[in-house]
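> Fold the stuff below for me.
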Amino acid sequence: MPAISTPKLAVDWLICHLRWPWLAIAILITYFTVPPDQGDRLTLVYSLIGVGALYNAMILALLFIGWYPSWMSTTAAISDTFLAVVLISLTGGFASSQMPVLLFVVITVSLRINSEAGLLSATPMVLAFAVSLILSNTAGPNDLITTSIKSMTLFVAAGIAGYVGQKQLQSTSVENQAEIKRLRIANERAKAIYEMANTLSSTLNYRKVLRAMVDLAYMALSEVDKRQNGTGVRFDRGAVGMVLLFEGKGRTDKLKMVAGRNVPRIDEGTTVPVEQGVLAQAIYKAEAIISNDPQNDPSLKQFASLQQTRSLVCAPLRAGFDTYGL
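Residues are numbered from 1 along each chain as shown. Below is the predicted model:
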């Protein structure tokens, strides 16, 4: 069986498989409700059901080879409705016992297309009931009530099935959109990693490498934001990111801003001490530190870009046991 590519195509597969027992039920109801002496009528009903079986086999073949245009679903709905109306006419009219067969048609049409199509499919069936009731010389008040109940049941079933089908499609659509967003983020991240690797292999300028690293971290935070959408956690698109390296050769007590994002020119090249505060904790603990008050940090308050910052994550740049910056 080929892969199912859309929710509606999955419904087509399901309806196609369920049509076999539907046709079998139609045969059984006809066999037990139509008198044996009406041989011509039985022959016509069985012939129509046989045509329906051949049509369903053709649909199954088209689904299997993967060629099933949308208009085929409409054609199948029309064919099922026509067969249902003929069964009503040939198996007792308003007194027909083919109600399970009729319900199958209106429900599947509503699920595959929409509620309006299901109601449209139920209309000729109800008209067939009404015409046979009007033309009957033996119909009484009870027959009128029974026929009305059957008609209302068909319309209600079409409406409910259409509503359920639309809800399912909406749910699937939301899932598909989320998957598309996830794939887009993954593609952007892969592109950033490729660009960073290309930068590493084509330049000796460490500042370009550091700027690429900041961009990659920015993208990672954006991805977290999209995953947490609706939880109240939002990633600020104007968030500041910077890389600080120890000034001079080896580890010193001062850090210099060498690369950043959304950083004003006044902060470029700023040197800050690391004796205390968030920077010192990240350096000496060798782990990421979160600060919720960076404006009052003795080192960070020297950066103009951080004056309005409410929270900050500071992580050390390490290679083995050596720390080169933040």
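
> any idea how far Gln166 lies from Ser110?
Distance of Gln166 to Ser110, computed by Cβ to Cβ, to the nearest Å: 9 Å. Placement of C-beta: from N, CA and C, glycine included.

> isn't Val214 right next to Val263, touching?
No. With contacts counted by Cβ atoms under 8 Å, Val214 stays clear of Val263, the gap being 9.3 Å.

> Quick check: neighbours shared by those two?
Gly241, Met242 (Cβ atoms under 8 Å, 6 or more residues apart in numbering).

> next one: phi and psi at Gln307?
Main-chain torsions, Gln307, degrees, to the nearest 10: phi -70, psi -30.

> quick one: low-confidence ranges for the chain?
For the chain, applying pLDDT under 70 flags the ranges 1-8, 169, 172-175, 185, 189, 192-193, 195-197, 199-206, 219-238, 248-252.

> From the rest of the structure, what touches the lengthiest strand in it?
Across the chain, the longest stretch assigned as strand under DSSP state E is strand 254-261. Residues outside strand 254-261 that contact it (Cβ under 8 Å, 6+ apart) are 206-207, 210-211, 213-215, 218, 240-247, 263, 267-274, 279, 299, 303, 305, 325-326.

> Any buried residues in that strand, and which?
Across strand 254-261, burial judged by 16 or more other Cβ atoms under 10 Å covers Leu255, Lys256, Met257, Val258, Ala259, Gly260, Arg261.

> starting at the chain centroid, how far to it?
43 Å (Cα atoms, centre = their mean, to the nearest Å).

> CA-only coordinates of that strand in PDB, if you can.
C-alpha atoms of strand 254-261 as PDB (Å, rounded to 0.1, in the frame of the first residue of the first chain):
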ATOM      1  CA  LYS A 254      39.500  41.800  32.500                       C
ATOM      2  CA  LEU A 255      37.200  40.900  29.700                       C
ATOM      3  CA  LYS A 256      36.800  42.700  26.400                       C
ATOM      4  CA  MET A 257      33.700  42.800  24.200                       C
ATOM      5  CA  VAL A 258      34.800  41.500  20.800                       C
ATOM      6  CA  ALA A 259      31.500  40.500  19.100                       C
ATOM      7  CA  GLY A 260      27.800  41.100  19.600                       C
ATOM      8  CA  ARG A 261      24.300  41.400  18.300                       C
END
